[in-house]
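In: Model the following, please.
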Amino acid sequence: MTYLLPLFAAPAIMSLLDPATLIDFLYLSQSVRVGLWVMCLAVLLLVWLSLVALIATVFLHTLPTNPRRPERETSSVSSREIASDLGRNEEDQRSPHPEGPCLEPGGLESSRPCAYMSFLPDTNCSPVSFVPARRTLPPIVDSNVLLDLLVSQYLCSEGDKRKVSAASGKWELGFASLKGNVRTENQDYCIGYTYGDYQIVIVADGLGGLTYGREASFIASWVATLSAIGTLSVLSQNYIFNPERVAAEAVRAASLSLAAEGDKMNVFTEGLRTTLIVVVTSPFIIGYSYIGDGGGCVVRRFGDTIHFLVPQKAYKGIPNILAASLGPSIQGAPVTGSIVRAPGDLIVIGTDGVFDRLEDRIDSFPEGTDRFLAELRKATIDHRGDFQAVVNRVLREMADFRDASGYVCDDNLTLAMLGDGKGPVASKSESELHEADSSS
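Out: Numbers count the residues shown, from 1 in each chain. I've put the predicted structure just below:
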């Protein structure tokens, strides 16, 4: 309608210019003349605005169109859709973008724009992460040799190889996983390492009641480890990032890879399922992302405790049925968060084989867990910060503990401990006990 205003306004303007109209206008009262002038000015303003709108519309229609490409949805994607996306052939994986390929978490080249944080490989070598469609999984190995295999065969950058290390000093890192005395195989995986100033611990527990539990935990821990290293290798050179986001991307990469493997194995719902805990720490932040159950705690230097992992159980009192896990199709949703890291913090992570056996009653949490953490803290003081010795001793004692009905811990056992190199503040009784043990 605004385009038609000039047509209606033209007769009114022309009538004002007629001589007879001007003579009549002079004999009108002053108030009437002012009113007519205001009306004329209003009509002229409307005409001017209409012309501006018309010119702007014509100009905008002449511009080239560039519709926005839709971002990838990640909330409810079937395993076949994810697997087909991950399983593109070699030709499909060549990116048409001249600036280079965008890598999805897990290292897969994508022809889509980068709609989320990803990392780029070194210019003269393959991506530092696991690529499901282009590289087969390595043979399943135990946790204690998994990191060595990764560094020796799957990292092409010498800088990355030098930064990745499982060795640590006092009050820094210790982790172990035991089969236990009841289960026939160990379906837990635990990888702990440092990358420069950052510490990473990844714990996976395959669902033992379903098929391919060990394969699932292996794939999840392998891919999550590669994703974290690949992200750290690039982003740590450019800006300070949030460890929480790195942990979340590692869980997402593991989920995508399990979907691809499930499609290859024709496993779509039951089987090939695992829990996953990823903890990434900087000197000042503890970032975590997990799905499933297990335990995750931060013991402050003076003994206060934060329980950041809440097990995702389907029913209270039934520990073996989960409400969330990774697999060919994800069930539930991961939980992600961060905690400010204080000097002397002790971070403890483990599977349900450890944490589900700590409470005397179903409703007593966290009484038993807090007692366990207090004993663990005291053990680190007794061993002068040798976390690895403490973890080995605790897991062996738990695996061998028996009552009248047999072994109490009937599952695989995995435990990891992280610190910043500063020990906890010992109480007076702990210091006196430690001095007595030293003198004897």
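In: For the rest of this, base every contact and every neighbour count on C-alpha atoms.
Out: Fine.
In: so is residue 309 in a helix, a strand, or just coil?
Out: Following DSSP: H, G, I helix; E, B strand; the rest coil, residue 309 is assigned to coil.
In: contacting residues for the nearest residue to it once chain neighbours are set aside?
Out: Spatially, and ignoring its direct neighbours in sequence, residue 309 is nearest to residue 296 (4.8 Å; Cα to Cα, 6 or more residues apart in numbering). Shown in contact with residue 296 (Cα atoms under 8 Å, 6 or more residues apart in numbering): 307-309, 347-350.
In: Which single one of those residues is nearest to residue 315?
Out: residue 309 (16.7 Å; Cα to Cα).
In: tally of neighbours for the closest one?
Out: Counted with other Cα atoms under 10 Å, residues neighbouring residue 309 total 21.
In: residues contacting it?
Out: For residue 309, counting by Cα under 8 Å, 6+ apart, the contacting residues are 290, 293-297.
In: Derive a PyMOL selection command for the buried subset of the contacts of residue 296.
Out: In PyMOL syntax, the buried subset of the contacts of residue 296 is picked out as below (16 or more other Cα atoms under 10 Å):
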select buried, resi 308+309+347+348+349+350
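In: Pick the one among the contacts of residue 296 closest to residue 273.
Out: Of the contacts of residue 296, the one sitting nearest to residue 273 (Cα to Cα) turns out to be residue 350, at 17.7 Å.
In: Give me the pLDDT for that closest one.
Out: In this model, residue 350 is scored at 97, pLDDT.
In: what does the one 5 residues further on give?
Out: Reading off the per-residue confidence, residue 355 sits at a pLDDT of 96.
In: and what of residue 217?
Out: 95.
In: can you pull the pLDDT of the closest residue to residue 178 other than its chain neighbours?
Out: Of all residues not flanking residue 178 in the chain, residue 413 sits nearest, at 5.2 Å (Cα to Cα, 6+ apart). We note a pLDDT of 96 for residue 413 in this prediction.
In: give me the number of residues near residue 413?
Out: Neighbours around residue 413, by other Cα under 10 Å: 26.
In: Same list (the contacts of residue 296) but as a markdown table, adding distance to residue 158.
Out: Shown next, in a markdown table, are the contacts of residue 296 (distance: Cα to Cα, whole Å):
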| residue | distance to residue 158 |
| --- | --- |
| 307 | 38 |
| 308 | 35 |
| 309 | 35 |
| 347 | 30 |
| 348 | 31 |
| 349 | 30 |
| 350 | 31 |
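In: Please give the element, helix or strand, for residue 37.
Out: helix 30-61 (DSSP states H and E).
In: give the contact list for the residue nearest to residue 350 when sequence neighbours are not counted.
Out: The shortest distance from residue 350 to any non-neighbouring residue, by Cα to Cα, 6+ apart, is to residue 415 (4.3 Å). Going by Cα under 8 Å, 6+ apart, residue 415 touches 175-177, 190, 348-351, 354, 391, 395.
In: Switch those over to JSON lines; also include distance to residue 208.
Out: Output for the contacts of residue 415, formatted as JSON lines (distance: Cα to Cα, whole Å):
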{"residue": "175", "distance to residue 208": "21"}
{"residue": "176", "distance to residue 208": "19"}
{"residue": "177", "distance to residue 208": "15"}
{"residue": "190", "distance to residue 208": "16"}
{"residue": "348", "distance to residue 208": "23"}
{"residue": "349", "distance to residue 208": "20"}
{"residue": "350", "distance to residue 208": "16"}
{"residue": "351", "distance to residue 208": "13"}
{"residue": "354", "distance to residue 208": "15"}
{"residue": "391", "distance to residue 208": "23"}
{"residue": "395", "distance to residue 208": "19"}
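In: ok, so of those residues, who is nearest residue 223?
Out: Relative to residue 223, and with distances defined as Cα to Cα, the nearest of those is residue 190, at 12.6 Å.
In: Hmm, that closest one is touching residue 176, no?
Out: Yes: with contact defined as Cα atoms under 8 Å, residue 190 counts as touching residue 176 (6.8 Å).
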